[in-house]
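**Q** mind folding the following:
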Amino acid sequence: MPSPLCFILNKLGLSVPNDISITGFNSDLDSALPIPFTSMGISKKRYGEAAVYHLMQRIERPEMPVRRIQLAPEMYISETTRSLL
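**A** Numbers count the residues shown, from 1 in each chain. Here you go, the predicted structure:
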C-alpha cells in the first residue's frame, strides 16, 4: 500500500508526484484508498462477473471443454504520478 510510502517520502522532503511518482501493481481497481494512487490491476467486480458468466455456461452445458480465461490488467492513473511531457 503506497500511502505509508507517501508519508515517509514527505518526511524526507520529497513531494509526490512533483519530485517522485509512485505506482502500484496487482491492485483491486474497485477499492478506494486514502490516497488515490496510479496502479495496474484488475477490477475484482469484472473478474467475478466473468467467472460467474462462464460458470453458468458450464452448468448449462457440462459437456463444454474446459477454458482458460484471462483478463488484461488496466492502468488507473491518479494523483501519485505526473506527466513527463
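
**Q** got any ranges where the chain has weak pLDDT?
**A** For the chain, applying pLDDT under 70 flags the ranges 1-3, 30, 32-35.

**Q** please tell me how far residue 81 sits from residue 55.
**A** 37 Å (Cβ to Cβ, to the nearest Å). Quick note: C-beta positions are derived from backbone N, CA and C, even for glycine.

**Q** of the two, which one has the most company?
**A** Between residue 81 and residue 55, residue 81 has the larger neighbour count (other Cβ atoms under 10 Å), namely 16 against 10.

**Q** could I get the contacting residues of the more buried one?
**A** For residue 81, the contacting residues are 17, 21, 22, 23, 38, by Cβ atoms under 8 Å, 6 or more residues apart in numbering.

**Q** so which of the residues you listed sit within strands?
**A** Assigned to strands by DSSP state E, the following of those qualify: 23, 38.

**Q** which residue is nearest the middle of this structure?
**A** In the chain, the centroid-proximal residue (Cα atoms, centre = their mean) is residue 41; its distance is 2.7 Å.

**Q** which parts of this structure are strands?
**A** 23-28, 38-42, 74-76.

**Q** show me how far stretch 57-69 is from its chain's centre.
**A** Its chain's C-alpha centre lies 28 Å from the corresponding centre of stretch 57-69 when counted by Cα atoms, centre = their mean, to the nearest Å.

**Q** picking up where we left off before, pull out the buried residues from the contacts of residue 81.
**A** Among the contacts of residue 81, those scoring as buried are 17, 22, 23, 38 (criterion: 16 or more other Cβ atoms under 10 Å).

**Q** look up how far residue 57 lies from the residue of the chain most remote from its centre.
**A** Relative to the centre of the chain, the most outlying C-alpha is that of residue 63, 34.5 Å out, by Cα atoms, centre = their mean. According to Cβ to Cβ, residue 63 stands 11 Å off from residue 57.

**Q** for the residue nearest to the centre of the chain, which residues are in contact?
**A** 24, 25, 26, 27, 28, 29, 73, 74, 76.

**Q** grab the nearest non-local neighbour of it.
**A** residue 27 (3.5 Å; Cβ to Cβ, 6 or more residues apart in numbering).

**Q** many thanks, we can stop here.
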